[in-house]
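A.B. asks: Everything below, folded, please.
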Amino acid sequence: MKRNFLFLILTLFVVNLSVFSALEDQGLAYYKAGFPLVAKPLLISEYSTDQSTRQITCFYLGNIYFSENKLDSAEIYFKKGLVDKDDNVLNTIGLAMLKIKANPKDADLEIQTVLKLRSAKKNPDFFIAAANAYLVNGLVDQAVIYQDKAKDIKTKYAPLAILMGDIELAKKNVGNACSNYELAILYDANCKEAYVKYARAYRNVNSTLAIDMLNRLKVKEPTFLLVDKELADIYYMNNEFDKAAALYDSYLKSGNTNAQDLIKYAMTLFFNHDFPKSLQIANDGLKKEPRNPAFNRLAMYNNTDLKQYDDAIKSADRLFNQSDKADFTYLDYRYYGQALSQTKQYDLAIVQYQKAIDADSSHVELWKDVSDMYNEKGDLDNAISSYLKYENSLAADKKTADDVIALGKLYYTLGSKDSINADVKKNALVKADSIFALVAKMEATNYRGNFWRARANSLLDPETSKGLAKPFYEQTATLIESKADPKYNAILLECYRYLGFYYLLKMEYTTSNSYWNKILVVEPNNATALKGIEGIKRAQKSKK
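C.D. replies: Below is the predicted model of the structure:
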């Protein structure tokens, strides 16, 4: 049986011993309700302060440490449970549980021997404990043997129904398991463990049923805030972060939260875009565990999204250099890179983005960010090569006009630089023109392709003598004029200005004048248009 399943069974494993019910303290109560990890620190405290429950406390602590694979610690507590009474049945079964895999014959002999004691042989709880000892070791058939012996002693018994449910769950019969948990509730409506185990069994199968069962327990025990934790976990799993955040907040009021609870709460707030509150919870966690990678990670994420980039960079240093056992994801590198980029540390940011891509090559969109940073640095060659890596990774049917035009603009920017030689400049502009032509085909009713073709060709024909840009400015103007939207006025002015100059150079004054007047309709005091009109008047007078 897989190790993670064993951990699940052990996390759920609760021996609900009625003989100890009168002695039950808070740690014991949480353990019996199905929350061993919450119970653990309380049980450790109760071991020191309450001698009356020490034997059962030791048994529960031994089982918790077994679930954590800390077998030496489990053995210590089982043996401590035998100090005052060597024939303590539960802790004897606990010690046998530790050797079931390594020495099954001796373990079984010890269990059979202790169950023959007068104090044990008529008590179903001890046979249930024996069954669980085998179950958590992955030996389902042996667990069934002791389940049947417990059934011979007492049938309609909630702890037995729970054991039967656990065995069915080990067989992956979720429906049968939950039927038994329902029987446990029928036998004892106050058996919290049965509600919780039912919900956990169904949470990944039918979360609605799981939520309904937990709400039944919540109505019955409104002060039992661990129900809120269980509900929050389900809503978190279902991406219902509003509900999850409210329930985690309620659960925190119980005062029994651990680091993992705070991490889940902070993550829920983060996914719910409540970055200030998420940061607060993460910082609270860091006060207790400054080397916890999850808290440092959340501090970096939240500081970045809050645009507190200097703090984000400090958090990144703690995550990458001062955290224990941290496994880094592409998102860690991406957030760190974003914070560096926003503080204009482009070289360092590019390194982090490339690490993000190495960590998860499916995130090809990060190449666009790398391209933008190279562009900000003025390194157009690397900006273009990085963008090509992004664009070449896209399937033809996934490539949008936005994707294409961005590459064209990079070539256009390269071609507009005075510092490069003439051939490189011309090649870049020709390349840009061909890309913008493709954009014009992709979106025939949009002005963008023709407008950027006009700009590229204007740079290829700086004297405007050939009129390379003319047809594209004309098409742009036609497309924009039909929209009659003031937000396009700046583009219209650029079109009319070019065409006005073009016809002025051709000495086609009437046409040139019409474009200057179009400018004045948009912007009545436009100095360029007024000068153009005045120049035409002077030219016409001189002709006369």
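A.B. asks: which SS state does L348 fall under?
C.D. replies: helix (DSSP: H, G, I helix; E, B strand; the rest coil).
A.B. asks: which non-adjacent residue is nearest it?
C.D. replies: L340 (4.8 Å; Cβ to Cβ, 6 or more residues apart in numbering). To be clear about C-beta, it is placed using only N, CA and C from the backbone, and glycine gets the same treatment.
A.B. asks: Give me the neighbour count for N375.
C.D. replies: If you count neighbours by other Cβ atoms under 10 Å, N375 ends up with 20.
A.B. asks: tell me the SS of it?
C.D. replies: Following three-state DSSP, N375 is assigned to helix.
A.B. asks: For the nearest residue to it once chain neighbours are set aside, what are phi and psi?
C.D. replies: With sequence-adjacent residues excluded and distances taken as Cβ to Cβ, 6+ apart, N375 is closest to A383, at 4.2 Å. As for A383, its main-chain torsions (degrees, to the nearest 10) stand at phi -60, psi -40.
A.B. asks: before we move on, back to that, secondary structure element for the residue nearest to L348, which one?
C.D. replies: helix 330-342 (DSSP states H and E).
A.B. asks: Contacts for that helix next, please.
C.D. replies: Residues from elsewhere that reach helix 330-342 (Cβ atoms under 8 Å, 6 or more residues apart in numbering): 297, 300-301, 303-304, 307, 309, 312-313, 316, 319-320, 346, 348-353, 355-357, 359-360, 363, 366, 369, 373.
A.B. asks: So which bits of that helix are buried?
C.D. replies: The neighbour-count check on helix 330-342 (16 or more other Cβ atoms under 10 Å) flags 330, 332-341 as buried.
A.B. asks: dump the residue contacts of D233.
C.D. replies: Counting by Cβ under 8 Å, 6+ apart, D233 has contacts 203, 244, 264.
A.B. asks: who wins for most neighbours among those?
C.D. replies: A244 (26 neighbours).
A.B. asks: Would you confirm that that residue contacts A266?
C.D. replies: No - counting by Cβ atoms under 8 Å, A244 sits too far from A266 to count as a contact (11.6 Å).
A.B. asks: Run a quick neighbour tally on Y235.
C.D. replies: 20.
A.B. asks: correct me, but M373 touches I350?
C.D. replies: Yes - with contact defined as Cβ under 8 Å, M373 counts as touching I350 (5.5 Å).
A.B. asks: where do the contact lists of these two overlap?
C.D. replies: Joint contacts of M373 and I350 (Cβ under 8 Å, 6+ apart) do not exist.
A.B. asks: any low-confidence regions in this protein?
C.D. replies: Within the chain, the ranges that satisfy pLDDT under 70 run 1-25, 84-87, 544.
A.B. asks: let's see it at 80
C.D. replies: 1-25, 83-87, 254-257, 542-544 (pLDDT under 80).
A.B. asks: any idea which helix is longest in this protein?
C.D. replies: The residue-count maximum for a helix in the chain (DSSP state H) belongs to helix 422-442.
A.B. asks: Can you tell me what sits against that one?
C.D. replies: For helix 422-442, contacts defined as Cβ under 8 Å, 6+ apart pick out 400-401, 404-405, 407-409, 411-412, 414-415, 417, 420, 448-450, 452-453, 456-457, 459-460.
A.B. asks: which residues sit against stretch 297-311?
C.D. replies: Counting by Cβ under 8 Å, 6+ apart, 263, 266-267, 270, 273, 275-276, 278-279, 281-283, 286, 312, 315-316, 318-319, 326, 331-332, 335-336, 338-339, 342-343 sit against stretch 297-311.
A.B. asks: what about that stretch, distance to the chain center?
C.D. replies: Relative to its chain's centre, stretch 297-311 lies at 15 Å (Cα atoms, centre = their mean, to the nearest Å).
A.B. asks: ends of that stretch, how far apart?
C.D. replies: Across stretch 297-311, the terminal residues are separated by 12 Å (Cα to Cα, to the nearest Å).
A.B. asks: circling back: out of the contacts of helix 330-342, which are buried?
C.D. replies: 297, 300-301, 303-304, 309, 312-313, 316, 319-320, 346, 349-350, 352-353, 355-357, 366, 369, 373.
A.B. asks: how many degrees apart are the next helix or strand after the longest helix of the chain and helix 422-442 in direction?
C.D. replies: Counting by DSSP H and E, the element after helix 422-442 in chain order, helix or strand, is helix 448-460. With axes from the mean of the first three to the mean of the last three Cα atoms, to 10 degrees as the basis, helix 448-460 and helix 422-442 are set at 160 degrees to each other.
A.B. asks: could I get helix 448-460 in PDB with only the CA atoms?
C.D. replies: Coordinates of each C-alpha in helix 448-460 appear next as PDB, following Å, rounded to 0.1, in the frame of the first residue of the first chain:
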ATOM      1  CA  ARG A 448      -3.300  48.900 -37.200                       C
ATOM      2  CA  GLY A 449      -1.600  46.900 -40.000                       C
ATOM      3  CA  ASN A 450      -1.800  49.700 -42.600                       C
ATOM      4  CA  PHE A 451      -0.800  52.400 -40.100                       C
ATOM      5  CA  TRP A 452       2.400  50.700 -39.000                       C
ATOM      6  CA  ARG A 453       3.200  49.900 -42.700                       C
ATOM      7  CA  ALA A 454       2.800  53.600 -43.300                       C
ATOM      8  CA  ARG A 455       5.300  54.400 -40.600                       C
ATOM      9  CA  ALA A 456       7.800  51.700 -41.700                       C
ATOM     10  CA  ASN A 457       7.700  52.900 -45.300                       C
ATOM     11  CA  SER A 458       8.000  56.500 -44.200                       C
ATOM     12  CA  LEU A 459      11.300  55.600 -42.600                       C
ATOM     13  CA  LEU A 460      12.300  53.800 -45.800                       C
END
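A.B. asks: Which strands or helices does it pack on?
C.D. replies: helix 401-415, helix 422-442, helix 470-481, helix 489-505 (3 or more Cβ pairs under 8 Å, 6 or more residues apart in numbering; DSSP states H and E).
A.B. asks: and that helix, which residues are buried?
C.D. replies: Buried residues in helix 448-460 (16+ other Cβ under 10 Å): 448-460.
A.B. asks: ok, and what's touching that helix?
C.D. replies: Residues contacting helix 448-460 (Cβ under 8 Å, 6+ apart): 401, 405, 408-409, 412, 415-416, 426, 429-430, 432-433, 436-443, 464, 468-469, 472-473, 475-476, 479, 491, 495, 498.
A.B. asks: now those: which count as buried?
C.D. replies: 401, 405, 408-409, 412, 415-416, 429, 432-433, 436-437, 439-440, 442, 464, 468-469, 472-473, 475-476, 479, 491, 495, 498.
A.B. asks: Tally up the residues packed near the nearest residue to L90 once chain neighbours are set aside, please.
C.D. replies: What sits nearest to L90 in space, not counting adjacent residues and going by Cβ to Cβ, 6+ apart, is F59, at 4.3 Å. Counted with other Cβ under 10 Å, the neighbours of F59 add up to 27.
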